[in-house]
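Q: build the 3D model from these lines:
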Amino acid sequence: MLAGLADNPNILRLDVNREVIGSAADDSGFLPLGLALNVDGGAGFDVLQMLNGRADVHLETADNALEVTNLNDGAMLNIINAEAIAFDSGETVIIMKVSWRDW
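A: Below you'll find the predicted structure:
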């Protein structure tokens, strides 16, 4: 699969930083699906804004993160330390992480 990667002019190689880390403040903003981003909201109350509606994405926990996958094209990103997802449709998903302790 990687044969010709170094010398084939028809193969475009991208070396990108896929980590997005929020600040200690309350962060809010849009991030694109499709780049397999790893998003860490950091401290504060962080809201990821997304296009369309809740029915357009699949949400699943994976490796201690929330994985968001676009159902139309499979584009995805992973989220940790964010508290909500606000969709353009007006829908909001509250992200809650519960840690259980032995009492």
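
Q: and the strands in the chain?
A: 19-21, 28-30, 37-40, 47-50, 57-62, 65-70, 76-80, 84-87, 92-94 (DSSP state E).

Q: as TSV, those strands with mean neighbour count would be great.
A: C-beta coordinates here come from the backbone N, C-alpha and C atoms, glycine included. As requested, the strands of the chain are arranged in TSV below (neighbours: other CB atoms under 10 Å):
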stretch	mean neighbour count
strand 19-21	13
strand 28-30	12
strand 37-40	18
strand 47-50	20
strand 57-62	13
strand 65-70	18
strand 76-80	20
strand 84-87	17
strand 92-94	12
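
Q: TSV please, covering these and showing mean pLDDT.
A: Formatted as TSV, the strands of the chain follow (pLDDT from 0 to 100):
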stretch	mean pLDDT
strand 19-21	90
strand 28-30	92
strand 37-40	91
strand 47-50	94
strand 57-62	92
strand 65-70	93
strand 76-80	92
strand 84-87	95
strand 92-94	95
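
Q: would you turn those into a markdown table with distance to Asn8?
A: Formatted as a markdown table, the strands of the chain follow (distance: least, CB to CB, whole Å):
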| stretch | distance to Asn8 |
| --- | --- |
| strand 19-21 | 28 |
| strand 28-30 | 34 |
| strand 37-40 | 27 |
| strand 47-50 | 36 |
| strand 57-62 | 33 |
| strand 65-70 | 29 |
| strand 76-80 | 27 |
| strand 84-87 | 39 |
| strand 92-94 | 42 |
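
Q: looking at the ones you listed, which is nearest to Pro9?
A: strand 37-40 (28.1 Å; CB to CB).

Q: so which other helices or strands are in contact with that closest one?
A: Applying 3 or more CB pairs under 8 Å, 6 or more residues apart in numbering; DSSP states H and E, one finds that strand 37-40 makes contact with strand 19-21, strand 76-80.

Q: CSV for these, including distance to Glu60?
A: Output for the helices and strands packed on strand 37-40, formatted as CSV (distance: least, CB to CB, whole Å):
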stretch, distance to Glu60
strand 19-21, 19
strand 76-80, 10
